[in-house]
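> Got a sequence here, can you build the structure:
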Amino acid sequence: MEKVEGIVSEIVFTNEGNGYTIAHVSTDDDDIVVVGCMPTISVGESIEATGKWTNHKKYGLQFQADSFVPVKPATLEGVYLYLASGMIGGIKEKMANRIVEKFGLDTLDIIQNDPERLLEVDGIGRKTVKKIVKSFEDDKELRNIIVELSPYGITPTYCLRIYKTYKEKSLEVISQNPYRLAGDIRGIGFKKADKIAEKIGIPKDSRDRVSQGILFVLDSALNDGNTCLPKNILTDESKNLLEVDNDVIGECMYELILASKLQIEKINGVEYVYLMKYFLAENGVCSKIAKLTQFEFTDLNLDIDEEIRSVEQSEDIKLADNQREAVRECVENGLVIVTGGPGTGKTTTINSIIKIFEKNDKEVMLTAPTGRAAKRMSETTGKEAKTIHRLLEMGMSTEDNLVFFKNEDEPIKADVIIVDEVSMVDIMLMYNLLKAVSLGTRLILVGDSDQLPSVGAGNVLKDMIDSQVVTTVRLTEIFRQAQESMIVVNAHRINSGKPLYLNSKDKDFFFIQKNAQTDILNEIIGLVGERLPKFYGFDKLKDIQILSPMRKGEAGVNNLNAELQKYLNPKDRLKQEEAFGSRVFRVGDKVMQIKNNYSKTWENEDETESGDGVYNGDIGYVYHIDKSDKKLYVIFDSERIVEYEFSELDEIEHSFCTTIHKSQGSEFPAVVIPITWAPPMLLSRNLLYTAVTRAKNLVVLVGEVRFLEYMIKNNRVNDRYSELAYKLNKFKREGIMV
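Below you'll find the model as predicted:
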């Protein structure tokens, strides 16, 4: 690593969101260009930067700074330039000149240690002093964090994130428990936090370190969909991470159990370790399902056959036998699962159930896990459908924790609750939903068990079906109209492991053979940018969605988004844009929220409606960028406008192309899927099935036949550690209330 030192003479560019800065710096020998994350530097400031020299192909020689520290200005000119830069609130050029004339090289010491003396300068009153001190202190705190953490390999980018999270308590938090960074700061994992802990003297076998490491391993397991881990696997992974003896891990695990942070449960001779809240959630789901299946519902005294005939006559439909069975079970039982693939009549079945209950004066509520799924449910039923979070009246506590105001003490007031897209519901959301369902309310769960499981921990729908505790009706008959769609036919052939029907004339399912990833990329650009809109009349942004199994590679999500932006929403002097890291957000861009933000507020365009919550997977469009206020606005679902500070832009990403996992619960008029090499776990049958079933009118596959055939044959499902099915089976065998 090399070092340069000099005075910042000009700041060419600064990204407020991530701190990336391009600056001209005057050294003793020359004027140089320094680039990197330097969020606090200002004109006139002396800095020492550590990094390396690079030769940019367009801009020439630059110094790429990995870290920097401020150096006290050594000249009156340096002090003046620093004050006049606008970095310190309350000081402009004329005022900066008067301050420097009065205090000279002692200026910065006086601002920091004896700010009352600023009153000696003409034109400065107490309000201005207060403003100067606050601005200087705010800047100083971030500077201190950068200075303190740079030796630990924490870059200024992450220092900025740390400061935004903890503010003035940043250094206190880090010195007391650096492992909090792993959980609170996106991009800082346990190993970076551990490096800080090591340098501030925390020993490897420290109880705090080992305990945090165990919790980190379990947190990582949640990201893979597991609600728990076998104790031996947790011990081995913790040992590999922490490099301590098993005895120390066992002792700390026991202490975490005593502190009610962990729970161990022995199942079939194997000890499983849970984070406490997931233990409570899994057992709570099992207990409530047991109660709902045991509860004796009041007989509605309906002639089911007559009710079905009445619906068939009024709607001019004919229900299949298993649809009639589903309607009957939903009327007669308190908890029912209705599952089936595309074209098997789930929507018709739901609508028939709704009409029968409402005809008999029963209040029916509809809900789904995401905004898009709820919107589609509303469109297909003609009734309002809410997200589960909204149905449960989500809110935030005074400690900024997520809470639901509908629960066992304040249950949902409804006779029937119908939940769609249940395959997307994880164990925590199901737990909170079931807590708010009172005994006597019928709960109907609808979903496709062959789709990918939830992004969150658990495998709730599959576990409930496999347990055979919950009454389940499978819709299997593909209706004649649906049989005309190759999307439907091929989806079922994928599930059966059979070869697909490709490129049938006048149909809706096509395969284009391309071998090289570059050719796949160019073909997709041509399809989306010109041919599909021209031939089918699709809106190239709103109607066509590219779904890729992976993020990396030329045909991966990251590169496809970068290339598609050039063609679908090119740079235009009339369109505002904002850089954030390596990405540029532009008005008109298609974007996706990539993490749940329950406190983020939204309102519609005429400000007559508002609400809280933007969720992982929500798709919208950049609506407006306000450079002066440093804000970007996204419109979701054609109505919800959400405001983002530039510093919050890590919550969204471009979604011209998105991963198949992120598309769950969505439906698009047309779907284009690159079929190319990827790790075997991403070339699976249920991944392909999920992607194909996202399309309503058209599917186009672009790539190699050999990888398509591999996906259809690869029925490997990544098993999750989830004991819900076992616990429900135990209840069934032994009649034990969990």
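
> tell me the mean pLDDT for stretch 649-665?
Here stretch 649-665 scores 91 as its mean pLDDT.

> Then stretch 582-601?
89.

> Convert the C-alpha atoms of that stretch to PDB, please.
The C-alpha trace of stretch 582-601 is given here as PDB (Å, rounded to 0.1, in the frame of the first residue of the first chain):
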ATOM      1  CA  SER A 582     -21.600   1.000  -9.500                       C
ATOM      2  CA  ARG A 583     -25.300   1.500 -10.400                       C
ATOM      3  CA  VAL A 584     -27.100   4.500 -11.800                       C
ATOM      4  CA  PHE A 585     -30.700   5.000 -11.000                       C
ATOM      5  CA  ARG A 586     -32.600   6.900 -13.700                       C
ATOM      6  CA  VAL A 587     -36.200   8.200 -13.900                       C
ATOM      7  CA  GLY A 588     -38.200   5.400 -15.600                       C
ATOM      8  CA  ASP A 589     -36.000   2.600 -14.400                       C
ATOM      9  CA  LYS A 590     -37.700  -0.600 -13.300                       C
ATOM     10  CA  VAL A 591     -36.600  -1.400  -9.700                       C
ATOM     11  CA  MET A 592     -37.300  -3.800  -6.900                       C
ATOM     12  CA  GLN A 593     -37.300  -3.400  -3.100                       C
ATOM     13  CA  ILE A 594     -34.800  -6.100  -1.900                       C
ATOM     14  CA  LYS A 595     -35.500  -6.100   1.900                       C
ATOM     15  CA  ASN A 596     -38.600  -5.700   4.100                       C
ATOM     16  CA  ASN A 597     -38.800  -2.200   5.400                       C
ATOM     17  CA  TYR A 598     -41.800  -2.100   7.700                       C
ATOM     18  CA  SER A 599     -41.400   1.500   8.800                       C
ATOM     19  CA  LYS A 600     -41.100   3.000   5.300                       C
ATOM     20  CA  THR A 601     -44.200   5.100   4.500                       C
END
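
> Could you list the buried residues of the host helix or strand of Leu521?
Taking DSSP states H and E as the criterion, Leu521 maps to helix 517-526. For helix 517-526, the neighbour count (16 or more other C-beta atoms under 10 Å) marks Gln517, Asp519, Ile520, Leu521, Glu523, Ile524, Ile525 as buried. For glycine as for every other residue, the C-beta is placed from the backbone atoms N, C-alpha and C.

> same thing with stretch 331-347?
Of the residues in stretch 331-347, 331, 333-346 count as buried by neighbour count, 16+ other C-beta under 10 Å.

> and what of stretch 631-650?
632-636, 640-644, 646-650.

> try stretch 596-604
Those would be Asn596, Asn597, Tyr598, Lys600, Trp602, for stretch 596-604 by 16+ other C-beta under 10 Å.

> In contact with the residue nearest to the second one when sequence neighbours are not counted, which residues are there?
This points to Asn597. Once flanking residues are discounted, Asn597 sits nearest to Val614: 5.1 Å by C-beta to C-beta, 6 or more residues apart in numbering. Contacts of Val614 were listed using C-beta atoms under 8 Å, 6 or more residues apart in numbering, and they are Gln593, Asn596, Asn597, Lys600, Trp602, Phe636, Arg640, Val642, Glu651.

> at 7 Å what do you get?
By C-beta atoms under 7 Å, 6 or more residues apart in numbering, the contact list for Val614 reads Gln593, Asn597, Lys600, Trp602, Phe636, Val642.

> likewise Ala259?
No residues are in contact with Ala259 under the rule C-beta under 7 Å, 6+ apart.

> Residue ranges in the stretch 351-500 of the chain under the pLDDT threshold?
396-401, 480, 482 (pLDDT under 70).

> And the strands in it?
Under the criterion DSSP state E, counting those that start in this stretch, the stretch 351-500 of the chain carries strands at the ranges 364-368, 385-387, 394-396, 402-404, 416-419, 442-447, 471-475.
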